[in-house]
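[1] Predicted model and sequence follow; I will ask about them next.
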Amino acid sequence: MGKVLACKDVGVDCDFVIKGKDEADVLRQAAEHAKDCHHNVQMTPDVQAKIRVAIKDEGSSCCGGSCH
């Protein structure tokens, strides 16, 4: 299963969504996106940690699959 990250999930006013094969792929793409589009965002260890928490399994629901 792949991984997905939405900029909005880390508090950025941006509709961009990243899909990757794993966490490392998503982090790499997030760094590229931040460099190109969010010039004021630095990929510090704190920002990377915030991103890691926001990365979800692709296809998972908003509440971890427990919605009815």
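    Yes, it's here.

[2] ranges for the strands of the protein?
    3-6, 17-20, 56-57 (DSSP state E).

[3] need these in TSV with mean pLDDT, mean neighbour count and distance to Ala31, can you?
    In short, each C-beta sits where N, CA and C put it, glycine included. Output for the strands of the chain, formatted as TSV (pLDDT from 0 to 100; neighbours: other CB atoms under 10 Å; distance: least, CB to CB, whole Å):
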stretch	mean pLDDT	mean neighbour count	distance to Ala31
strand 3-6	97	19	12
strand 17-20	97	15	10
strand 56-57	96	14	18
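
[4] Export the ones you listed as TSV, with columns for distance to Ala49.
    Shown next, in TSV, are these (distance: least, CB to CB, whole Å):
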stretch	distance to Ala49
strand 3-6	13
strand 17-20	17
strand 56-57	16
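
[5] Which one of those strands lies nearest to Val26?
    Nearest of those to Val26, taken as CB to CB: strand 17-20 at 3.9 Å.

[6] in its sheet, what does that closest one sit against?
    When pairing is defined by DSSP bridges, strand 17-20 lines up against strand 3-6 (antiparallel).
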